[in-house]
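Participant: pasted the sequence and its predicted model underneath.
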Amino acid sequence: MAETDWKSALAALGAISESDESENKSDVVRKKRVGVVYSTNPDYDYSVCEETEPETIPKHRQKLHLSMERAGRAGKTVTIVKGFVGTDADIKALCKLLKQKCGVGGSVKNGEIIIQGDHRQQLLNILKKEGFQL
């Protein structure tokens with residue numbers, strides 16, 4: 001049996017060809033351009049403006065707010081830490097520290113740290129010890 005290229009073998013069977021692959025890739029790129037209006041200018045080049053993450057400001061300049069919430073959480077109490085300015089990696093590291101110190105679960109959503117349970121006083125002490133302003 002002669003060795004053949006697997007793409008040509010698939011193309012012979014009618015599964016997919018190389019031109020179909022390139023068309024599929026261009027469709028994916030095109031679909032990511034939501035809100036772009038068609039231009040008849042042949043020199044137009046679509047460029048994507050990428051948002052940059054804010055740099056993490058020093059701990060002593062961070063102004064954090066603690067609050068407790070129950071609404072919209074099926075009666076479960078959570079403590080929310082708001083106001084952190086920094087990269088995603090830094091806010092996740094702070095969340096991990098707070099979860100370990102309190103011995104509970106939690107997460108980061110929309111720039112807020114959500115800790116399960118009412119731990120306002122304990123979080124206040126931890127954040128002050130770490131050097132944050134409250």
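Facilitator: That came in fine, so what should we check first? Residues are numbered from 1 along each chain as shown.
Participant: for residue 75, give its distance to residue 69.
Facilitator: Counting by CB to CB, to the nearest Å, the separation of residue 75 from residue 69 is 11 Å. All C-beta atoms are positioned from the backbone trio N, CA, C, and that covers glycine.
Participant: neighbour-wise, which of the two wins?
Facilitator: Shown here are residue 75 and residue 69; by other CB atoms under 10 Å, residue 69 has more neighbours (13 against 7).
Participant: who are the contact partners of that one?
Facilitator: By CB atoms under 8 Å, 6 or more residues apart in numbering, the contact set of residue 69 is 77, 78, 79, 80.
Participant: these in strands, which ones?
Facilitator: 78, 79, 80 (DSSP state E).
Participant: compute the first-to-last residue distance for stretch 54-71.
Facilitator: One end of stretch 54-71 to the other measures 30 Å (CA to CA, to the nearest Å).
Participant: and the contacts of residue 69, which is closest to residue 54?
Facilitator: residue 80 (19.6 Å; CB to CB).
Participant: right, and that closest one touches residue 113 too?
Facilitator: Yes - assessed by CB atoms under 8 Å, residue 80 is found in contact with residue 113 at 7.1 Å.
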